[in-house]
Structures are given as structure tokens and as C-alpha cells.
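**Q** sequence first, predicted model second:
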Amino acid sequence: MSYMADAQPIRTIQWRDNRVVMIDQTKLPTELAFVEYDDYNQVADAIRNLVIRGAPAIGVAGAFGLALAALHSDAATKDLLVEDMQTAQRTLFETRPTAINLKWGLDHIMAVARRGTGVGDTRSSVLDAAKQMAEDDIRINKSMGRHGAGLFGDDTIMTHCNAGALATVAYGTALGVIRAARESGKKIRVIATETRPVQQGSRLTAFELKHDGIDVSLIPDTAVGYSMANHLVDKVIVGADRILRTGHVYNKIGTYQVATMARQHGIPFYVAAPLSTFDMESDPADVVIEQRRPSEVTGTGDRMTAPEGIGVINPAFDMTPPELVSGIITERGVVSPPYERSIRELFGRKN
Ligand SMILES: CSC[C@H]1O[C@H](OP(=O)(O)O)[C@H](O)[C@@H]1O
């Protein structure tokens with residue numbers, strides 16, 4: 001399986017024969033399995049259970065979920081069709097609260113639906129918009145890669161969680177920048193953290209990069225400080241689930257620790273994210289951090305690794321403050337501190 005630009009990449013999610021087809025990421029790395037859904041409730045379950053995960057990928061999944069709702073609605077009028085889609089929107093929105101891309105994707109498709117005139121044209125315009133969102137994701141990732149590649153030389157780059165093709169449609173945000181740097185001729189080595197408790201790093205990032213022939217080594221999350229203290233890391237790049245206008249970055253739990261260690265050791269810490277990950281309205285107090293089930297922490301598979309009934313705190317994300325972020329790589333370029341001004345200018349630029 002290759003995600004490289006020169007090969008036809010396997011898509012994490014796509015629309016085929018009026019069904020949503022996605023890689024079942026819970027089966028990786030031991031099995032590359034695909035699942036097909038024809039009902040938006042199935043898509044909601046897939047997002048909730050991390051069959052598909054990653055901010056941009058779940059934004060596209062939400063969009064295709066609404067397309068399924070439109071396709072299978074028996075509404076006789078456009079307004080009734082929009083009502084049916086609003087029911088689906090609520091179900092899909094409630095699956096995961098932190099990644100802003102899900103809300104962005106759902107809002108975009110609902111706006112398209114409201115502009116429809118009749119049932120037929122609304123259905124087709126919604127599906128066209130969802131398909132376009134998927135194509136745009138690949139184009140945006142590659143633009144981000146081009147902008148970010150220049151920040152890297154023949155470096156060993158640490159990354160946390162999975163912000164690759166498996167978190168997007170086919171190329172990746174943070175791993176897209178790594179791919180672009182390698183494609184530009186840089187000798188890139190990657191250190192991937194395993195990213196407990198769901199292990200997106202060992203199960204997904206290591207899998208993706210190994211399959212693309214990119215030099216990747218896996219470390220336990222507890223070896224981040226050791227790796228940096230022993231000069232094994234030149235730079236860090238991660239993805240994001242939500243970035244505020246102030247530069248506060250919400251990403252996989254553990255990102256804050258990686259950023260703090262990077263600052264301690266004078267290592268540049270970059271974030272790669274599309275504009276659809278920016279939330280220009282919220283303040284830190286407004287952001288809901290998803291709390292996931294204790295069983296992710298207390299066991300792996302059917303093996304318990306903690307005492308029965310132990311208390312568990314299992315936030316899926318944390319917040320990295322802007323002062324720890326060296327730069328934010330987007331499809332419109334790289335922004336640097338002070339972020340409140342540079343992000344505002346970013347949104348003022350033409351594409
Ligand atoms: C390209 S954004 C990917 C982003 O999503 C991951 O979270 P999850 O696997 O729980 O969806 C992680 O925060 C990644 O950085």
C-alpha cells in the first residue's frame with residue numbers, strides 16, 4: 001500500500017456506488033480492511049468508534065454521512081429534505097466534540113442543501129459538494145506540504161499521533177509535509193511516538209511511513225524526553241484538531257508534553273493544519289475536550305493492564321499554548337508568532 005504522491009494512493013474514505021467506503025482503522029496495522037456504509041447512523045458509529053479518525057477525515061466522513069441522509073430521505077419537498085438532513089447533522093455532530101473539522105464539514109454541506117431548489121437538485125448538489133470536499137482535502141494537503149517542506153533539511157523529525165493519509169483523505173497534514181520534504185530530496189528520518197492509549201502512532205503512522213519506504217522508528221511516549229536529551233530529534237511536527245485565532249493548538253493527548261520538552265531542548269515545534277481546522281470564534285474556555293472510555297487505558301484487546309474498577313482520566317486531546325509553537329503550516333503558507341495577527345492576516349489572504 002502506498003500513500004506516495006507518485007502512486008495512486010489508497011483513499012482513507014471515498015464514495016462508491018452510493019455508499020461510503022472507508023478503511024477500518026481499528027484493524028490496522030495487521031489488516032487492511034474496508035467497510036461500506038449506506039446509512040448515516042453507521043457513519044456516526046464509525047466516527048465514534050475510531051473506524052475513521054483524524055480531524056480532516058471525520059469532516060469528510062460527516063459530509064458523506066449527510067449525503068447518505070439526503071439520498072435515503074423520502075421527503076417530498078426540499079424543506080422536508082433539509083429537516084431530515086438536520087436530524088442527521090445532529091447525530092453526526094454529537095459523535096466527537098473537539099475536532100472543529102467535523103462541524104466545518106457538516107455546516108458546509110448543510111449550507112449547500114439550503115441553497116437547493118427541489119429535492120433532486122438538492123440531493124445531487126449535496127453529493128457533489130461532499131465529493132469536492134474530499135478532492136479539495138488532497139489538494140490542500142499537497143499545498144501544505146509544499147509550504148512546509150522548506151522548513152526541513154536532512155532532519156530527524158518527531159511526530160505524535162497520526163496526522164497522515166489515515167487522518168485525511170489520502171496524503172496527510174503533518175505527514176504530508178514529511179512526504180513533501182522527502183519528495184523534494186531531503187533525507188528524512190522519522191521518530192513516531194506510539195501515542196497511548198489508542199496507539200495511533202504505532203498502529204497508523206509507523207504503518208503508513210513504513211509502507212511508503214520512509215525511515216521511521218517507534219518510541220514509547222515516555223521516551224520523548226530521552227530522545228530529545230540525547231540529540232536524536234532535530235524538529236517536531238504534529239497535526240491539530242482545532243486551532244484558535246490566538247494560536248492555541250488542540251491536538252492528541254500528549255502533544256503538550258512533546259511541545260514542552262521541545263522547548264526545553266531548543267527544538268522547533270511545528271503544527272500542520274488546513275484552514276478548516278481553525279476556529280476563529282472560540283476562546284480556550286469554550287473548547288470541549290473529548291473524554292474517552294476507561295477501557296482504552298485499562299486494557300489492550302482482551303488483556304486487563306489495570307485493576308478492575310480503577311478510576312481513569314482519559315482525555316483524547318490537550319491544549320498546547322501558542323508560545324510553544326514555532327510555526328503553523330497551512331495550505332496558504334506558514335504563520336509565525338504573534339499568532340493573533342498572523343492568523344488574522346492568513347484568513348485575509350487570497351488562496
Ligand atoms: C490531521 S489531524 C489528525 C489529528 O486527529 C487525531 O486524533 P484522533 O486520532 O483521536 O482523531 C490526532 O489529534 C491528530 O493530530
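**A** Cool, got the structure. Keep in mind that what you see is a predicted model, and the values were worked out from it rather than measured.
**Q** please list the residues of the stretch 51-200 of the chain that sit near the ligand.
**A** Taking Cβ under 6 Å from any ligand atom as the test, the list of the stretch 51-200 of the chain residues beside the ligand reads 53-56, 161, 163, 167-168, 173, 200. From N, CA and C alone the C-beta is placed, and that goes for glycine too.
**Q** ok, now which ones touch the residue of the stretch 1-150 of the chain found nearest the ligand?
**A** Nearest residue of the stretch 1-150 of the chain to the ligand (Cβ to the nearest ligand atom) works out as residue 53 at 3.4 Å. With contact taken as Cβ atoms under 8 Å, 6 or more residues apart in numbering, residue 53 is in contact with 25, 47, 167, 200.
**Q** over to residue 14?
**A** Under the criterion of Cβ under 8 Å, 6+ apart, the contact list for residue 14 reads 20-22, 134, 169.
**Q** measure residue 292 to the ligand for me?
**A** The gap separating residue 292 from the ligand is 8 Å, by Cβ to the nearest ligand atom, to the nearest Å.
**Q** would you map the helices across the stretch 251-351 of the chain?
**A** Ranges of helices within the stretch 251-351 of the chain are 255-264, 295-298, 339-348, based on DSSP state H, counting those that start in this stretch.
**Q** residue 283: which of those helices is closest?
**A** helix 339-348 (11.9 Å; Cβ to Cβ).
**Q** against which helices or strands is the closest one packed?
**A** For helix 339-348, the packing partners by 3 or more Cβ pairs under 8 Å, 6 or more residues apart in numbering; DSSP states H and E come out as strand 327-330, strand 333-335.
**Q** let's see it at 7 Å
**A** Helix 339-348 is packed against strand 333-335, with contacts defined by 3 or more Cβ pairs under 7 Å, 6 or more residues apart in numbering; DSSP states H and E.
**Q** the contacts of residue 53 in strands, which ones?
**A** Assigned to strands by DSSP state E, none of the contacts of residue 53 qualify.
**Q** got a markdown table for those residues, with pLDDT and neighbour count too?
**A** Output for these, formatted as a markdown table (pLDDT from 0 to 100; neighbours: other Cβ atoms under 10 Å):
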| residue | pLDDT | neighbour count |
| --- | --- | --- |
| 25 | 98 | 27 |
| 47 | 98 | 22 |
| 167 | 98 | 32 |
| 200 | 98 | 27 |
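**Q** could you dump the contacts of residue 14 into TSV with neighbour count and pLDDT added?
**A** Putting the contacts of residue 14 into TSV (neighbours: other Cβ atoms under 10 Å; pLDDT from 0 to 100) gives the following:
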residue	neighbour count	pLDDT
20	26	98
21	16	98
22	23	98
134	23	98
169	25	98
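**Q** interface residues of the stretch 251-351 of the chain facing the ligand?
**A** By the rule Cβ under 6 Å from any ligand atom, the part of the stretch 251-351 of the chain lying against the ligand is 251-252, 316.
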